[in-house]
Each structure stands twice: as C-alpha cells, then as structure tokens.
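> Here you go, sequence then predicted model.
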Amino acid sequence: MEPEFQIFECSNPDCRLRLPSDLSFRQISKCPACSSEMIRIGEPFSNYHRLPGDMKQNYWKIHLILDNLRSTENVGSIFRSANGVGVRHIYCCGTTPTPDHAKVRKSSLGAELYTEWSYHKNSLALANELLLAGFIFYALESTASSTSIFEFRPAVDVERSIVMIVGNEISGIDPGLLDLAQQVLHIPMAGEKTSLNVAVSTGIALYYMLQTLNNNPSST
C-alpha cells in the first residue's frame with residue numbers, strides 16, 4: 001500500500017516552517033525548528049508513481065562501467081538512473097562501492113534489485129574482455145578533443161552492445177580506458193564550474209544517449 005503524506009505548517013508566525021510528513025511513519029506535533037505547534041494543511045495526498053513502459057522500447061543494449069568511483073551516494077543514484085534508462089548491466093570497478101554497501105542501497109531505493117551488476121578489480125582488464133566480445137565504448141569525460149554529448153551520433157548498428165564509461169569524481173577516467181573509447185563525450189557547461197556531479201552527469205548522458213539511439217534509423 002502506498003504511503004500517504006500530509007503537509008504541516010508551524011503555527012508560529014515568525015517561523016512558519018512548512019514540510020510534508022509520511023503519515024504511515026509519524027505525525028508532526030512540534031515544529032523541528034522552533035518547537036511550536038504544527039498545523040495540518042489540506043488533505044492527505046500520495047506520491048503518484050508512473051508505471052514503467054512509457055519510454056520507447058530500449059532495443060539498444062547499454063552497459064555501464066563505473067571506474068573507481070568513491071561515493072556510495074553517487075553510485076546509488078547512478079543505479080537508480082540506469083534502471084530508469086534500462087541499462088542492461090553495471091560493472092563496478094576498482095574502488096567503486098557496490099550495492100553490498102548499505103549506503104548504496106539507501107540512495108538507489110531498490111534499483112539494484114532490478115539491474116544486473118558485478119564487481120571487477122581491474123577496469124581495463126574487464127574492458128579488454130568486453131572489447132573482444134564486440135562491445136563499443138563511449139566515455140563520459142571532458143578532454144581537449146571530447147565532443148558534446150548533444151552532438152552524439154551512433155555509428156553502430158542495433159545488434160551491437162554499447163558501454164558508457166564514467167570515472168572517478170576527482171581524477172576522471174583511467175587514460176587506458178579513454179584509449180578504448182570510440183568517442184569521448186562531455187556535457188557543455190554554461191557557468192563558471194567546469195563539471196557536474198558524476199551521478200547527475202551520468203543521468204543526463206544516459207537519457208540523451210538512449211533518446212538519440214532510439215531515434216537513429218538503424219534502431220527501427
């Protein structure tokens with residue numbers, strides 16, 4: 001049964017903290033900011049969950065290599081985005097935390113139960129095995145010669161399996177892996193910062209890549 005939520009607002013006119021509460025878990029009586037009485041606002045509501053299947057069928061076999069990531073929260077978030085896209089397999093490599101870690105499971109919200117994954121100590125050794133098996137590699141990294149993700153155009157047919165590589169939050173992708181990539185892709189930046197959080201950038205890239213692949217004539 002889906003939980004119901006209730007909006008509560010602080011009765012203190014100098015505070016007026018407003019927040020939702022899961023009624024199946026607790027009802028808020030005192031304001032967590034000033035300890036004044038909390039007032040129910042409106043009727044209880046539920047969080048609508050759209051059923052799977054409203055995205056065009058994923059004919060493409062997209063796989064993901066996580067090369068020496070360090071944050072459990074980032075890995076969990078990537079699992080959730082990858083499941084939404086329909087990624088076939090996630091390879092956790094080197095120092096990348098796996099769903100065996102409780103914090104990964106917490107941030108993935110159960111997505112690890114529906115997306116195949118495996119752990120590999122050496123990402124380059126794994127990549128060479130996948131290369132021999134016919135996989136095509138794309139790397140998500142900003143380099144002097146990288147191409148905007150929004151200019152991504154697949155040069156492979158629908159039967160080929162694609163691997164997208166994302167790397168360490170600080171040092172990026174292993175240069176040995178970059179050498180195997182058919183194309184290195186980056187997300188353009190309009191502000192002063194030069195990069196996005198790895199989980200955010202992975203989600204953007206995966207969804208754009210899938211949309212582009214599904215719109216490619218060879219995928220129909």
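Ah, there it is. Numbers count the residues shown, from 1 in each chain.
> buried stuff in the strand or helix carrying residue 41?
Residue 41 is located in strand 38-45, with elements delineated by DSSP states H and E. For strand 38-45, burial by neighbour count (16 or more other C-beta atoms under 10 Å) applies to residue 38. For the C-beta atoms, the positions are set from N, CA and C on the backbone; glycine is no exception.
> One more: stretch 87-98?
Quick answer for stretch 87-98 (16+ other C-beta under 10 Å): 87, 88, 89, 90, 91, 92, 93, 94, 96, 97, 98.
> Using TSV, lay out the residues you listed together with secondary structure.
As requested, those are arranged in TSV below (DSSP: H, G, I helix; E, B strand; the rest coil):
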residue	secondary structure
87	coil
88	coil
89	strand
90	strand
91	strand
92	strand
93	strand
94	coil
96	coil
97	coil
98	coil
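> Tell me how this protein divides into domains.
Domains of the chain are assigned by automatic domain parsing as 5-45, 61-219.
> Can you tell me the centre-most residue of this protein?
Nearest to the mean C-alpha position of the chain, by C-alpha atoms, centre = their mean, lies residue 78 at 2.8 Å.
> Tell me the predicted confidence for it.
pLDDT recorded at residue 78 is 96.
> Next: residue 217.
52.
> what does residue 15 give?
So residue 15 comes in at 97 (pLDDT).
> what's the answer for residue 159, then?
60.
> can you map out the strands along the chain?
Taking DSSP state E to define them, one finds strands in the chain at 5-10, 18-22, 38-45, 61-67, 89-93, 116-120, 136-140, 147-148, 161-167, 183-186.
> any chance of those strands in CSV, plus distance to residue 192?
As requested, the strands of the chain are exported to CSV (distance: least, C-beta to C-beta, whole Å):
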stretch, distance to residue 192
strand 5-10, 36
strand 18-22, 32
strand 38-45, 39
strand 61-67, 27
strand 89-93, 31
strand 116-120, 35
strand 136-140, 21
strand 147-148, 18
strand 161-167, 22
strand 183-186, 16
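> Tell me who's in contact with residue 85.
With contact set as C-beta atoms under 8 Å, 6 or more residues apart in numbering, residue 85 has these partners: 58, 62, 206, 207, 210.
> In contact with the third one, which residues are there?
The one in question is residue 206. For residue 206, the contacting residues are 62, 64, 81, 82, 85, 87, 164, by C-beta under 8 Å, 6+ apart.
> from those, which is closest to residue 12?
Closest approach to residue 12 among the contacts of residue 206 (C-beta to C-beta): residue 81, at 39.3 Å.
> Wait, the closest one touches residue 201, no?
No. Here residue 81 lies out of contact with residue 201, judged by C-beta atoms under 8 Å, at a distance of 10.2 Å.
> Isn't residue 46 up against residue 22?
No. Using C-beta under 8 Å as the test, residue 46 is too far from residue 22 to be in contact (10.5 Å).
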